[in-house]
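Asks: Just need the structure, nothing else, for what follows:
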Amino acid sequence: MTRTIISIPNELKIWLDDFSKSNNRPTAETIREAIYAYKKRMEIETEVDLLSQTSGLWKAKNKDGLEYVESLRNEW
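Replies: Down below sits the predicted model:
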């Protein structure tokens with residue numbers, strides 16, 4: 001595991017310490033869990049964003065999806 005130093009506002013440090021203490025865990029563990037949760041949320045938002053960006057792309061095609069796949073297979 002890699003160690004790192006970050007700077008955070010004093011009130012956030014106090015909250016982290018209090019929260020961690022009330023949950024009987026080290027502050028570092030609370031921070032790791034928060035970062036993992038943030039990472040997961042960003043990955044989900046990226047997937048949703050990609051879906052919204054690509055939604056409706058097939059409307060421009062004048063073929064049925066199955067017809068299109070069959071035409072591609074016939075090229076092989």
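
Asks: Just give me the residue right at the centre of this protein.
Replies: Nearest residue to the geometric centre of the chain (C-alpha atoms, centre = their mean): Glu43, 1.7 Å.

Asks: now for the helix or strand where that residue lies, which elements pack on it?
Replies: Under the criterion of DSSP states H and E, Glu43 resides in helix 27-54. Using 3 or more C-beta pairs under 8 Å, 6 or more residues apart in numbering; DSSP states H and E as the contact test, the elements touching helix 27-54 are helix 10-22. (Glycine included, C-beta is placed from N, CA and C.)

Asks: Counting by contacts, list what the helix it packs on packs against.
Replies: helix 27-54.

Asks: Helix or strand next in line after the helix it packs on, which one?
Replies: helix 65-75.

Asks: which secondary element of this protein has the worst mean pLDDT?
Replies: Taking mean pLDDT, DSSP states H and E as the measure, the helix or strand of the chain with the lowest value is helix 65-75, at a mean of 84.

Asks: Run through who's touching it.
Replies: Trp58, Lys61, Lys63 (C-beta atoms under 8 Å, 6 or more residues apart in numbering).

Asks: Dump those residues to TSV, plus distance to Ala28 and neighbour count.
Replies: Output for those, formatted as TSV (distance: C-beta to C-beta, whole Å; neighbours: other C-beta atoms under 10 Å):
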residue	distance to Ala28	neighbour count
Trp58	48	11
Lys61	52	10
Lys63	56	11
